[in-house]
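**Student:** This is the structure alone, sequence omitted:
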């Protein structure tokens, strides 16, 4: 393997603004003295996170797989991240290839490059990293000298826009299929098999492995009509992998502690995988089934070891609906009893807003009270029922009152706007609900509570009952934003909105077929980089790319889909099945008053 450590130290680090994010040397790193290929064994893997180091180092899924692989005999795993634009420029000027953070070996020399793909707007970063590594962007152009390019995480559930760039995508929980793939690569290296045979073996033997090169999309008059298998021995349906129990997923007792700034400086413990609720808009809840939980004893033991190994002063309990954890009260009591004397706080970033919430502030009375975050999703009960968000306002009021009584002074509330059937009254109801939550504090100390309302735009996600819905256009969403800003002037409610253009792109990138790959590549060539960062996002790159590729938002984003038409993600088997999704979609339409009621009137302009 090509060690370029001297090149990185002498040519890159002195020329970038924040060199600390490129030095590696994290506490608890598995190769602190450098990656020894002989000691690494038969297979060398680099886990790639396609965003900045500060985000990637905090990504729990990447750390789980990194530690799992390094605990596998005969396997060595390193990490790499997307360089910031200043570093990218230096690397191109000085001909420094993308490298492993610990090994200082060129990424192209590894056997497997495994990308975590947690959100849509990381896609151009994948191309940046492949190009910096000297690896052809298109899978069809790679040779036996190139590593296998493998993707996983959320975007593997909607893989077609990325199909041209990946050799394999592993759908579902990554622990099992990645271990299978590494063993397959080990055997293939011993037998000197060509990479195409390795990809074929993976597609044939790993149920959750999708190899796009063995499938061909079909179109009729510009419309996607299905996906044809090019071989009979690959599966027509890709089944999501699932660990049977969270005890089968490695417990991260020695998490990586960066020497540079990270978005999360805390111990994070996955206490639950999956969600027991069935909100009709939520892709994560729809795909990460069944629900699996860690025991209280295991969580306490992991926390004890991780705090000792890191020195962090906060423990975050991670799950899509952490308040549904069995015996949550007992867990909080045990964690508080052990860690409060050490000045280590406990945080619950995901709370279910229903009758349970009013008890949580009492259970967490010793927790750091920076703010309480709840997810209301819609302002009106009518829309909450339509999207199957099973909460009522009385429970929200009771929960927030209990939070104020326990010492919380700031409440953050998440909403979705642009939902099917939404009316001007539903938009106003968002602000009115926030005001009632604020006024609840008056019953405690006579003051209004500060409400930070975060508004996201509804994106109809695949594998959910709302996958057939249309997304509202930009004009509508901007009108909603103007209305809520007007209502909230001189009030204790502050609104923060997702960028409309970003949400439109998210819809294109998750609902598109293989033709959207040309848009991704064109946007990248136009200069799209780090699109999840406000300071780097430029929608003009994407607008130019869509025009160049001859693809617009209308057909992929703004049109309601027929329940009879094939969908670009149909070959990825939905955990609950299409019949369930169709039934839930029908119930949603019925709750809104029927199919003809889906568009609803536009909200009035604030001007």
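**Tutor:** In hand now; what should we look at? From a predicted model like this one, the values you see are computed outputs, not experimental measurements.
**Student:** So residue 182: helix, strand or coil?
**Tutor:** Secondary structure, DSSP: H, G, I helix; E, B strand; the rest coil: residue 182 is helix.
**Student:** Can you verify my assumption that it contacts residue 45?
**Tutor:** Yes: using Cβ atoms under 8 Å, residue 182 makes contact with residue 45 at a distance of 6.6 Å. Quick note: C-beta positions are derived from backbone N, CA and C, even for glycine.
**Student:** These two: who's more crowded?
**Tutor:** Using other Cβ atoms under 10 Å, the more surrounded residue of residue 182 and residue 45 is residue 45, with 29 against 22.
**Student:** Check for me that the more buried one belongs to a strand.
**Tutor:** Yes: judged by three-state DSSP, residue 45 forms part of a strand.
**Student:** For this protein, give me the ranges with low pLDDT.
**Tutor:** 32-41, 349-371, 594-607 (pLDDT under 70).
**Student:** do that again at 50, thanks
**Tutor:** Applying pLDDT under 50 to the chain flags residues 38, 355, 596-607.
**Student:** In it, which residue is most central in space?
**Tutor:** In the chain, the residue lying closest to the centroid (Cα atoms, centre = their mean) is residue 118, at 3.2 Å.
**Student:** Report the spatially nearest residue to it, omitting neighbours in sequence.
**Tutor:** residue 153 (4.9 Å; Cβ to Cβ, 6 or more residues apart in numbering).
**Student:** What about that neighbour, how many residues nearby?
**Tutor:** With other Cβ under 10 Å as criterion, residue 153 counts 23.
**Student:** How about the contacts made by the residue nearest to the centre of the chain?
**Tutor:** By Cβ atoms under 8 Å, 6 or more residues apart in numbering, residue 118 lies in contact with 59, 61, 153-155.
**Student:** in terms of contact, does the residue nearest to residue 118 touch residue 116 like I think?
**Tutor:** Yes: with contact defined as Cβ under 8 Å, residue 153 counts as touching residue 116 (4.7 Å).
**Student:** Give the intersection of the neighbour lists for these two.
**Tutor:** Common contact partners of residue 153 and residue 116 (Cβ under 8 Å, 6+ apart): residue 61.
**Student:** before we move on, back to that, find residues that contact each of residue 182 and residue 45.
**Tutor:** Taking Cβ under 8 Å, 6+ apart as the contact rule, residue 182 and residue 45 both touch 69, 75, 112.
**Student:** hang on, the second one packs against residue 69?
**Tutor:** Yes: because the distance of 5.1 Å satisfies Cβ under 8 Å, residue 75 is recorded as touching residue 69.
**Student:** and these two? which has more neighbours close in?
**Tutor:** For residue 75 versus residue 69, the count of surrounding residues by other Cβ under 10 Å is larger for residue 69: 25 against 22.
**Student:** and that one, what does it touch?
**Tutor:** Applying Cβ under 8 Å, 6+ apart, the residues near residue 69 are 45, 47, 75-77, 178, 182.
**Student:** From those, pick the one nearest residue 562.
**Tutor:** residue 178 (36.5 Å; Cβ to Cβ).
**Student:** give me the number of residues near that closest one?
**Tutor:** Other residues within reach of residue 178 by the criterion other Cβ under 10 Å amount to 26.
**Student:** Please report how far it lies from residue 4.
**Tutor:** Residue 178 sits 26 Å away from residue 4, going by Cβ to Cβ, to the nearest Å.
**Student:** go on, residue 422?
**Tutor:** Taking Cβ to Cβ, one finds residue 422 at 53 Å from residue 4.
**Student:** Check residue 378 too.
**Tutor:** Distance from residue 378 to residue 4, counting by Cβ to Cβ: 52 Å.
**Student:** Settle it for me: which of the two has more neighbours?
**Tutor:** Higher neighbour count among residue 378 and residue 4: residue 378, with 25 against 20, using other Cβ under 10 Å.
**Student:** In this structure that one contacts residue 391, no?
**Tutor:** No: applying Cβ under 8 Å as the test, residue 378 and residue 391 come out as separate, 9.6 Å apart.
**Student:** shared neighbours of those two, which are they?
**Tutor:** Shared contacts of residue 378 and residue 391 (Cβ under 8 Å, 6+ apart): residue 384.
**Student:** other SSEs contacting the helix or strand hosting residue 482?
**Tutor:** Using DSSP states H and E, residue 482 sits in helix 474-488. Judged by 3 or more Cβ pairs under 8 Å, 6 or more residues apart in numbering; DSSP states H and E, helix 474-488 is in contact with strand 410-417, helix 424-439, strand 450-457, strand 493-497, helix 500-511.
**Student:** Please name the strands paired to the first one in the sheet, noting orientation.
**Tutor:** In the sheet containing strand 410-417, its partner strands are strand 372-377 (parallel), strand 450-457 (parallel), by DSSP bridges.
**Student:** Turn the ones you listed into CSV, including distance to residue 515 and mean neighbour count.
**Tutor:** As requested, those are exported to CSV (distance: least, Cβ to Cβ, whole Å; neighbours: other Cβ atoms under 10 Å):
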stretch, distance to residue 515, mean neighbour count
strand 372-377, 32, 21
strand 450-457, 24, 20
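**Student:** export the ones you listed to a markdown table and tack on distance to residue 507?
**Tutor:** Formatted as a markdown table, those follow (distance: least, Cβ to Cβ, whole Å):
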| stretch | distance to residue 507 |
| --- | --- |
| strand 372-377 | 18 |
| strand 450-457 | 9 |
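**Student:** can you tell me which of these comes nearest to residue 279?
**Tutor:** Taking the strands paired with strand 410-417 one by one with Cβ to Cβ, strand 372-377 is closest: 7.4 Å.
**Student:** Off-centre distance for the closest one?
**Tutor:** 19 Å (Cα atoms, centre = their mean, to the nearest Å).
**Student:** can you list the domains in this structure?
**Tutor:** Domain assignment for the chain, taken from automatic domain parsing, gives 5-229, 266-498+575-597.
**Student:** Output those in JSON lines; the columns should cover distance to residue 544.
**Tutor:** Listed next are these as JSON lines, based on distance: least, Cβ to Cβ, whole Å:
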{"stretch": "domain 5-229", "distance to residue 544": "13"}
{"stretch": "domain 266-498+575-597", "distance to residue 544": "17"}
